[in-house]
Structures are given as C-alpha cells and as structure tokens.
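S.K.: pasting the structure only:
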C-alpha cells in the first residue's frame, strides 16, 4: 500500500507543477523516481525515456504506466497513470466551470470570436500539410479518390469518422502497398 501511495505522489507532483506537458515534467519525474524513491538508476530512467519517446502518445503517461508496473504491477501502473492525468483533469473541470459560469459574458463571447478564426486557420494549415504529404506519397489520383470518397461518406451519407478512417486505411493497405 505504501508503494501505491508513493507512486501516486511521485506522478501527481510533476503533473501539478510540470507546466508545459510531458516533456516539461520529465526532469521532475526523474527526480521522484531516481533520487527520491530510488526505483531505478539514472541509466535505467534514460532507457525508459528512450523507449517512451519511440512509442506514440504522451510521454508522461507512458512512463507512468511502465514505472508503475515495475514498482507495483497492474495496480501500480493504474495508480501512476491516474496520478499523471488527475491534475490536468481537475484543471480542465475547473476551467470548464468558470467558462460555463461566464458563457454569456460579452468578454467571453469576444474571446471565443477571436479564437475561432485562429483555430480555422490552424486546421486549414494542417489539412494542407496532410494533402501535401498524401500527394507526395500516393500521387494525385489516389489522393483525390480518398478526399472525395471521404467527403461523400462524411457529409452526404453521415458515416461515422472512425469508419471512414478505417476504410481509408484499408484502401491504402490494398491499393497503395
């Protein structure tokens, strides 16, 4: 039980004070795991960090799961993951509550009005980058087929986006391999 509490503390503290996400909290996690609790050496931590960077997803949660599992099995991994996610979850709930409370405020409405075009531009740039990458990798004809098929499936026939993505992956595996 002591190990579970220690795991919670070791990953909760970096989650609270590690402003900037996973990469900013890595030195804090290292301090807790290596220096404070001695669950691994600096070299072992470096190997875990390298392995975590090689996998997709947030680095802090991958490291929490791995280290928690090594310390206390599945319950340890669960505890460390919960401790990593709880600070962000609490902050989001708090901010959502504040935003909901002031949703009718003219200042909040103006702020939202300024944010929407920025998000639209960022999504447009991301779409262009996806198109460019697809065009370079698959060619113009294949890219246009995927774009128009996806557009029809999503907008005309209201197919769930997950199914459209799965279909696109299947198309790529069959026709672009």
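M.R.: Sure thing, it's come through. Note that the structure is predicted; figures quoted are calculated from it, not measured.
S.K.: Show me which helix runs longest in this structure.
M.R.: helix 59-101 (DSSP state H).
S.K.: quick one, whichever helix or strand comes after that one and helix 59-101 angle?
M.R.: Where DSSP states H and E defines the elements, the next helix or strand beyond helix 59-101 is helix 106-138. Orientation check (axes from the mean of the first three to the mean of the last three Cα atoms, to 10 degrees): helix 106-138 against helix 59-101 gives 140 degrees.
S.K.: How far off centre is helix 106-138?
M.R.: 18 Å (Cα atoms, centre = their mean, to the nearest Å).
S.K.: Does anything pack onto the very next helix or strand once past it? Which helices or strands?
M.R.: Once the chain leaves helix 106-138, the next helix or strand it forms, by DSSP H and E, is helix 140-151. On a contact count with 3 or more Cβ pairs under 8 Å, 6 or more residues apart in numbering; DSSP states H and E, helix 140-151 meets helix 106-138, helix 161-175. Placement of C-beta: from N, CA and C, glycine included.
S.K.: Next, the buried residues of helix 140-151.
M.R.: Buried residues in helix 140-151, counted by 16 or more other Cβ atoms under 10 Å: 142-143, 146, 150.
S.K.: okay if I get these as CSV plus distance to residue 42 and pLDDT?
M.R.: Shown next, in CSV, are the buried residues of helix 140-151 (distance: Cβ to Cβ, whole Å; pLDDT from 0 to 100):
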residue, distance to residue 42, pLDDT
142, 48, 92
143, 47, 90
146, 46, 92
150, 47, 94
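S.K.: out of those residues, who's nearest residue 1?
M.R.: Proximity of these to residue 1 (Cβ to Cβ) peaks at residue 150, which lies at 50.8 Å.
S.K.: check contacts around the residue lying closest to that closest one once chain neighbours are set aside.
M.R.: Leaving aside its sequence neighbours, residue 150 sits nearest to residue 164 (Cβ to Cβ, 6 or more residues apart in numbering; 5.4 Å). By Cβ atoms under 8 Å, 6 or more residues apart in numbering, the contact set of residue 164 is 150, 153-154.
S.K.: can you tell me which of these lies nearest to residue 48?
M.R.: residue 150 (38.3 Å).
S.K.: coming back round to it: so can I have TSV of the buried residues of helix 140-151 showing distance to residue 72?
M.R.: Below are the buried residues of helix 140-151 laid out as TSV (distance: Cβ to Cβ, whole Å):
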residue	distance to residue 72
142	49
143	48
146	46
150	45
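S.K.: domains for the chain, by residue range?
M.R.: Domain assignment for the chain by automatic domain parsing gives 2-101, 106-175.
S.K.: Looking at these, which one is packed in the most?
M.R.: domain 2-101 (a mean of 16; mean count of other Cβ atoms under 10 Å).
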